[in-house]
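> Pasted the sequence and its predicted model underneath.
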Amino acid sequence: AQSVTQPDIHITVSEGASLELRCNYSYGATPYLFWYVQSPGQGLQLLLKYFSGDTLVQGIKGFEAEFKRSQSSFNLRKPSVHWSDAAEYFCAVGARNTDKLIFGTGTRLQVFP
Amino acid sequence: DTAVSQTPKYLVTQMGNDKSIKCEQNLGHDTMYWYKQDSKKFLKIMFSYNNKELIINETVPNRFSPKSPDKAHLNLHINSLELGDSAVYFCASSQYQQETQYFGPGTRLLVL
């Protein structure tokens, strides 16, 4: 069965610092992988996605993520965090034979000035 | 223009009542979904429809009944509301199955 693990429930960084949010998945084949961001009281916005090809994908707002098959990981990174990045971040995996998205439990990012 | 819209944004109601949440997408997508986000922010799919046909029903109680009058709309009707139904309900849509899903702003349901 598919599953997604986001080991960090809550991360706090200073503005301008680099960021890495971890995501590990369990799936028997190459999955579709997504990162979504949810600002307080808002819906989910897609940051980036991996379907195939280049394992380093660029997204919106300066985010990138790298698919590492050997580690079953799809970590999200940003070189310099802005205060407006404070939000909840969700990693999700989709199976290639269904249209279900399985979400991780989310990582709450707090940014200090 | 809002791509995926939901109404109402907030819904406060008593136990035992029946309520509906509406969802509309103007993206021309074939597939629409309902997700439930609980108090711990955990998101789980409830239903998906492709061209008005039910594709996924994730062991959701029968009190929840989705209805898709056309492929741009997917409404969620909930009978006999229970305290445990309190959550945020998100509608989403995608062009094809397995493609990127675009989410609505959510409906915050509180059952008293």
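Perfect, I can see it now.

> what residues does chain A put near chain B?
With CB under 8 Å from any CB of the partner chain as the criterion, chain A meets chain B at residues A:32, A:34, A:36, A:38, A:42-46, A:49, A:88, A:90, A:94-96, A:98-101, A:103, A:105-106. C-betas here are computed from N, CA, C, even on glycine.

> Narrow these to those in strands?
When DSSP state E defines the strands, the subset of those inside them is A:32, A:34, A:36, A:38, A:44-46, A:49, A:88, A:90, A:94, A:101, A:103.

> Of those, select the buried ones using a PyMOL command.
A single PyMOL command is used to select the members of these judged buried by 16 or more other CB atoms under 10 Å in any protein chain shown:
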select buried, chain A and resi 32+34+36+38+44+46+49+88+90+94+101+103
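
> List the contacts of the residue nearest the centre of chain B.
For chain B, B:Trp34 is the residue whose C-alpha lies nearest the centre (CA atoms, centre = their mean; 3.3 Å). Contacts of B:Trp34 were listed using CB atoms under 8 Å, 6 or more residues apart in numbering or on different chains, and they are B:Cys23, B:Ile45, B:Met46, B:Phe47, B:Ser48, B:Pro66, B:Leu74, B:Leu76, B:Tyr89, B:Phe90, B:Cys91, B:Ala92.

> Could you dump these into a markdown table with neighbour count, distance to chain A and pLDDT added?
Formatted as a markdown table, the entries for the contacts of B:Trp34 read as follows, by neighbours: other CB atoms under 10 Å in any protein chain shown; distance: CB to the nearest CB, whole Å; pLDDT from 0 to 100:
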| residue | neighbour count | distance to chain A | pLDDT |
| --- | --- | --- | --- |
| B:Cys23 | 25 | 11 | 97 |
| B:Ile45 | 22 | 5 | 91 |
| B:Met46 | 19 | 11 | 93 |
| B:Phe47 | 20 | 11 | 89 |
| B:Ser48 | 27 | 6 | 88 |
| B:Pro66 | 21 | 15 | 92 |
| B:Leu74 | 28 | 13 | 95 |
| B:Leu76 | 23 | 15 | 96 |
| B:Tyr89 | 22 | 11 | 96 |
| B:Phe90 | 26 | 6 | 96 |
| B:Cys91 | 29 | 9 | 96 |
| B:Ala92 | 24 | 8 | 94 |
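
> No further queries at this time; thank you.
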